[in-house]
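Chemist: here you go, sequence then predicted model.
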Amino acid sequence: MLNIVIFGAPGSGKGTQSDLLIRRYGLKHVSTGDLLRFEIKAGSELGKTADQYISKGHLVPDEIMIEILEDLIKKNLDKKGFIFDGFPRTLSQGEALDNKLEKNGLNITAVLSLDVKDKELTNRLLKRGQLSGRSDDNGHTIKSRLQVYHQQTEPLKEYYAKQDKLITIPGEGSVDEVFKLIEQAIDHLTGG
Ligand code: B4P
């Protein structure tokens, strides 16, 4: 199985590149952000809880996210592989992901880290906010999301570098240019 983590700050292009990756490699897309937004729209208990964190630019608690992940892995073991988009976002989520995969005889193949500067991230998210109406794409919340990223999520880079799985992808080119770099990295890994 080809199991890829697509990693990066909010607005770095994780969701955008995941959509292209699924089409190219036929992997199961696990987007915790999409899943939470679906629950918010549906007005479920999980959605109500998640909205309290997301609208402030905070992370949803690890216990909730890890339970969701476990369920998603179990239901999709017949797939060609996973693309984890937006998960893990903390060290404890990273450890949980390794454990859950290991239990099923799997592991992460590589972590593709999209490298984009804060200024560009802010511009992209403000632009998306004008169209999407997402409660977290406004100036104040974006600032908080970037802080949370640097404090809680970025340390995962070292976690994966130590496992020799971190591949840094320059993420400031066009969507197609970034995807080409990702394709090259994956084809190099798979010998394709
Ligand atoms: P996510 O849905 O993961 O959202 P995101 O970080 O904003 O990135 P996204 O993938 O949507 O955007 P992309 O970079 O593709 O999370 C939302 C919230 O849910 C989190 O803040 C958190 O509260 C919660 N959450 C989710 N997972 C969690 C977890 N595991 N634990 C705890 N909480 C969790 O694109 C951004 C914009 O840039 C788009 O408009 C796109 O068109 C544009 N863009 C992309 N690539 C570009 C390029 N190359 N050039 C120009 N523009 C580009």
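Modeler: Received the coordinates, thanks. Numbering: from 1, shown residues only.
Chemist: make it CA atoms for all contacts and neighbour counts henceforth
Modeler: Fine.
Chemist: tell me how many other residues surround Lys127.
Modeler: When neighbours are defined as other C-alpha atoms under 10 Å, Lys127 has 13 of them.
Chemist: tell me the predicted confidence for it.
Modeler: As predicted, Lys127 sits at a pLDDT of 95.
Chemist: give me the element it is part of.
Modeler: Using DSSP states H and E, Lys127 sits in helix 118-132.
Chemist: list the buried residues of that helix.
Modeler: Leu121, Thr122, Arg124, Leu125, Leu126, Gly129 (16 or more other C-alpha atoms under 10 Å).
Chemist: filter the residues you listed to keep only those in contact with the ligand.
Modeler: Residues of these in contact with the ligand (C-alpha under 6 Å from any ligand atom): Arg124, Leu125.
Chemist: packing partners of the helix holding Lys127?
Modeler: Using 3 or more C-alpha pairs under 8 Å, 6 or more residues apart in numbering; DSSP states H and E as the contact test, the elements touching helix 118-132 are helix 139-148.
Chemist: output the contacting helices and strands for the helix or strand just after the helix it packs on.
Modeler: Under the assignment DSSP H and E, the closest C-terminal helix or strand after helix 139-148 is helix 156-162. Counting contacts by 3+ C-alpha pairs under 8 Å, 6+ apart, helix 156-162 is packed against helix 91-103.
Chemist: show residues contacting the helix it packs on.
Modeler: The contact list for helix 91-103, computed with C-alpha atoms under 8 Å, 6 or more residues apart in numbering, reads 62, 65-66, 69-70, 73, 87-88, 107-108, 152-153, 155-156, 159.
Chemist: please list the residues of this structure that sit near the ligand.
Modeler: Residues of the chain lying close to the ligand by C-alpha under 6 Å from any ligand atom are 9-16, 32-34, 53-54, 57-60, 65, 86-89, 124-125, 128, 145, 172-175.
Chemist: just the buried ones from those residues, in ChimeraX syntax?
Modeler: Those of the residues of the chain next to the ligand that count as buried under 16+ other C-alpha under 10 Å are selected in ChimeraX with:
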select :9,10,11,12,13,14,15,32,33,54,57,58,59,60,65,86,87,88,89,124,125,145,172
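Chemist: would you put the C-alpha positions of stretch 65-72 in CSV?
Modeler: In CSV, the C-alpha atoms belonging to stretch 65-72 read as follows (Å, rounded to 0.1, in the frame of the first residue of the first chain):
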residue,chain,number,x,y,z
MET,A,65,-9.7,13.1,16.0
ILE,A,66,-7.9,9.8,16.8
GLU,A,67,-11.2,8.0,17.2
ILE,A,68,-12.3,9.3,13.8
LEU,A,69,-9.1,8.2,12.2
GLU,A,70,-9.2,4.6,13.7
ASP,A,71,-12.7,4.2,12.2
LEU,A,72,-11.6,5.5,8.8
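Chemist: quick one on the thing from earlier: nearest to the ligand, of the contacts of helix 91-103?
Modeler: Phe87 (4.1 Å; C-alpha to the nearest ligand atom).
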